[in-house]
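J.: have a look; sequence and predicted model below, questions after that.
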Amino acid sequence: MIEENILKINKDLPPQTRLIAVSKTKPVEMLQEAYDAGQRLFGENKALEMRDKHEALPKDIEWHFIGHLQTNKVKYIAPFVRMIHSIDSLPLLQTVEKEAVKHERCIDCLLQFHIATEETKFGLDLNEARQLLESAEYKAMQHVRICGVMGMATNTDDMDLVHREFATLHGIFETLKKDYFSGSEAFREISMGMSHDYKIAVEEGSTLVRVGSSIFGARNY
């Protein structure tokens, strides 16, 4: 079923949109099944779980960290993580920079924005993002690369609201591109859309969709 699910979702995606298989809480055997079906991008939201899976699975997997990241956990994923989607503060980005230096690599990052009505979601607003990008601390960094934006829509059946929230994130992306990254080819990612709303996210310009339950089934808590 995992292979069928991956093929089905990929048929829904335009060429500019890539699928991240969100494998959090799932056993290594299920990830291997997805890998054998051709999937190479995997998303995790717990640093230690991601580290352990990285050690157990093929090394050409592209690991994306998609959950709220605590500064004291960055060290566990810094050696190998492909992209961190959830940068929501300058101190977190500074920690990623510090750990990237230790491993002599540059880590791609997305700025996470709060676009939902729920207060529980993490993320910056546009003014906070501007303060981060205009700070001397950010300008001195050489081992992180901001590649775009990420956001989560409200968990709701109101699809008009979801459309508006994703459109808001796309607008933030365009504003940052114009004001700070006009010369950057790397600044091109809009990470939005999950199992229940990825088709709407694609309509609103998503380049990375984060799909879990529609591939692997309900999450194990």
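T.: Right, received. Where do you want to start?

J.: per-residue confidence for residue 221?
T.: If you check residue 221, the pLDDT there is 58.

J.: hey, where'd the helices end up in the protein?
T.: Taking DSSP state H as the test, the helices found in the chain are 2-12, 28-36, 47-56, 74-77, 90-102, 126-133, 136-139, 159-180, 198-203, 213-216.

J.: any chance of TSV for these, columns mean pLDDT and mean neighbour count?
T.: No exception for glycine: its C-beta is placed from N, CA and C like everyone else's. Shown next, in TSV, are those (pLDDT from 0 to 100; neighbours: other C-beta atoms under 10 Å):
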stretch	mean pLDDT	mean neighbour count
helix 2-12	97	14
helix 28-36	98	16
helix 47-56	98	17
helix 74-77	98	20
helix 90-102	98	18
helix 126-133	98	15
helix 136-139	98	11
helix 159-180	98	17
helix 198-203	98	19
helix 213-216	96	20
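
J.: can you put these in CSV and add distance to residue 66?
T.: Below are the helices of the chain laid out as CSV (distance: least, C-beta to C-beta, whole Å):
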stretch, distance to residue 66
helix 2-12, 16
helix 28-36, 15
helix 47-56, 10
helix 74-77, 11
helix 90-102, 14
helix 126-133, 18
helix 136-139, 22
helix 159-180, 15
helix 198-203, 13
helix 213-216, 14
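
J.: which of those sits closest to residue 115?
T.: With C-beta to C-beta as the criterion, residue 115 lies closest to helix 159-180 of these, at 4.5 Å.

J.: list every C-alpha atom in that closest one, with coordinates, as CSV.
T.: Output of helix 159-180 as CSV, limited to C-alpha atoms (Å, rounded to 0.1, in the frame of the first residue of the first chain):
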residue,chain,number,x,y,z
MET,A,159,-11.2,25.0,2.9
ASP,A,160,-11.7,28.7,2.0
LEU,A,161,-9.8,29.6,5.2
VAL,A,162,-7.1,27.1,4.2
HIS,A,163,-6.8,28.7,0.8
ARG,A,164,-6.5,32.1,2.3
GLU,A,165,-3.8,31.0,4.8
PHE,A,166,-1.7,29.3,2.1
ALA,A,167,-2.1,32.4,-0.1
THR,A,168,-0.9,34.5,2.8
LEU,A,169,2.3,32.3,3.1
HIS,A,170,2.9,32.6,-0.7
GLY,A,171,2.6,36.4,-0.3
ILE,A,172,5.1,36.4,2.5
PHE,A,173,7.5,34.4,0.3
GLU,A,174,7.1,36.9,-2.6
THR,A,175,7.7,39.8,-0.2
LEU,A,176,10.9,38.3,1.2
LYS,A,177,12.1,37.3,-2.2
LYS,A,178,11.7,40.8,-3.5
ASP,A,179,13.2,42.6,-0.4
TYR,A,180,16.0,40.2,0.7
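
J.: what sits up against that helix?
T.: Contact with helix 159-180 is made by 111, 113, 115-117, 126, 129-130, 133, 148-149, 151, 153-154, 156, 184, 187, 190, 192-193, 197, 200-201, 203-206, as judged by C-beta atoms under 8 Å, 6 or more residues apart in numbering.

J.: which among those residues end up buried?
T.: Listed as buried from those are 111, 113, 115-116, 129, 133, 148-149, 151, 153, 187, 190, 192-193, 197, 200-201, 204-206; burial here means 16 or more other C-beta atoms under 10 Å.
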